[in-house]
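Provided below for reference: sequence and predicted model.
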Amino acid sequence: MRFFYVIGIAVLLCACAASDIRDLNNRKKSVSNIVTIAAADSLWSLRADSSNAYRALRAYKQLAKEDSSSIEIWSKLSRAYYFIGQYLTPELQLRDGLLMAGYETSQTILNLNPKYRNLLFSTGDENIAVRGLELSTIDALYWGMANYGQWLATKGTLVRLGQRELIWTSLEHVNDLDSNYYYGAYYRFKGALLARDPKTQTDTLAIRRAFETAILISPNYFGNYTLMARHYCPLTGDKELFYRILTKVITSKSNPSLPYYPENVYERDLAERLMIKAENEKWFK
């Protein structure tokens with residue numbers, strides 16, 4: 001009888017221990033599902049590895065879902081959409097979806113800004129509302145514009161021209177808020193927009209000056225060179241400059257400690273693809 005009593009106690013203790021282990025595992029699982037901004041930012045800092053870029057995007061999406069009013073989180077989410085759409089998604093339809101999601105993300109958070117919302121409601125003019133945004137919104141404004149601009153880049157001329165004013169207004173306001181923002185972004189995108197707009201693409205001097213100013217501001221940011229090669233050189237037929245600046249991108253060493261090192265990694269790949277594309281499509285006859 002005593003033997004069976006001991007066995008019963010042992011079985012009960014094992015059952016309790018198993019229950020405790022399950023509870024502990026569940027708690028660990030619950031804790032592991034908690035995402036912090038620091039953890040998401042850590043993944044983002046390692047985005048030169050594409051798997052970390054995707055993980056960062058998922059983390060920012062979860063954080064945005066949990067905090068619908070944080071302009072910091074939503075701006076970072078918009079930027080993550082841009083990065084993956086621009087660098088990691090060659091398939092056009094998927095790329096368009098990511099870029100549009102990035103634009104809509106920025107619009108969602110900007111619509112919570114009281115001044116922006118009131119101006120938009122009172123005037124019905126998004127261009128006027130954009131001009132009312134303050135410096136604290138620059139990340140959301142810029143990445144929204146960048147996503148939308150890249151989405152428009154593959155659309156027809158009429159679609160691009162229809163959105164021309166809004167893109168320019170956003171870009172000019174970014175410049176008003178911070179003329180050196182994001183490694184010469186204003187001048188880099190200004191050059192691209194001038195080169196693609198039938199109304200301005202004949203002013204090749206202004207286009208070149210815009211790109212050269214971006215390079216002057218951030219000479220180690222490879223995106224300033226690839227965008228110039230893509231938009232200015234074919235427009236002017238400058239084959240020598242095209243290959244010279246892309247060769248510079250491909251052969252230059254980028255410091256891993258630079259905040260834009262991951263972008264430089266993918267811009268180097270882009271430079272190689274641009275050379276191949278130029279040959280295949282005979283950009284310079």
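Perfect, I can see it now.

what is the least confident helix or strand in the protein?
Using mean pLDDT, DSSP states H and E, helix 2-32 stands out as the lowest-scoring helix or strand of the chain, at a mean of 43.

which element follows that one toward the C-terminus?
Once helix 2-32 ends, the next helix or strand along the chain (criterion: DSSP states H and E) is helix 37-45.

in that following helix, which residues are buried?
Neighbour counts over helix 37-45 (16 or more other CB atoms under 10 Å) mark Ile37, Ala40, Leu43, Trp44 as buried. Any C-beta I mention is one placed from the backbone N, CA and C, and that applies to glycine too.

so can I have a markdown table of those residues showing pLDDT?
Formatted as a markdown table, those follow (pLDDT from 0 to 100):
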| residue | pLDDT |
| --- | --- |
| Ile37 | 96 |
| Ala40 | 98 |
| Leu43 | 98 |
| Trp44 | 98 |
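
ok, so of those, who is nearest Leu135?
For the buried residues of helix 37-45, the closest approach to Leu135 (CB to CB) belongs to Ile37, at 20.4 Å.

need the max-distance pair from the buried residues of helix 37-45.
Distance extremes for the buried residues of helix 37-45: the farthest pair is Ile37 and Leu43 at 10.9 Å, using CB to CB.

list the residues that contact Asn127.
Applying CB atoms under 8 Å, 6 or more residues apart in numbering, we find Asn127 in contact with Glu165, Leu166, Thr169.

just the ones in helices from the residues you listed, please.
When DSSP state H defines the helices, the subset of those inside them is Glu165, Leu166, Thr169.

give me the buried subset of the residues you listed.
Of the ones in helices among the contacts of Asn127, these count as buried by 16+ other CB under 10 Å: Leu166, Thr169.

and the helix or strand where Val130 lies, average pLDDT?
Val130 belongs to helix 126-131 when assigned by DSSP H and E. Across helix 126-131, the average pLDDT comes to 94.

put the alpha carbons of that helix into CSV.
In CSV, the C-alpha atoms belonging to helix 126-131 read as follows (Å, rounded to 0.1, in the frame of the first residue of the first chain):
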residue,chain,number,x,y,z
GLU,A,126,-2.8,68.5,-50.2
ASN,A,127,-0.1,70.8,-51.4
ILE,A,128,-1.1,73.5,-48.9
ALA,A,129,-1.3,70.9,-46.1
VAL,A,130,2.2,69.6,-46.9
ARG,A,131,3.6,73.2,-46.6
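
what about the next helix or strand after that helix, distance to the chain center?
Where DSSP H and E defines the elements, the next helix or strand beyond helix 126-131 is helix 138-153. Chain-centre distance of helix 138-153: 8 Å, with CA atoms, centre = their mean, to the nearest Å.

equivalent analysis for stretch 240-255, please.
How far stretch 240-255 lies from its chain's middle: 23 Å, per CA atoms, centre = their mean.

cool, and stretch 125-140?
Computed by CA atoms, centre = their mean, the chain-centroid distance of stretch 125-140 equals 18 Å.
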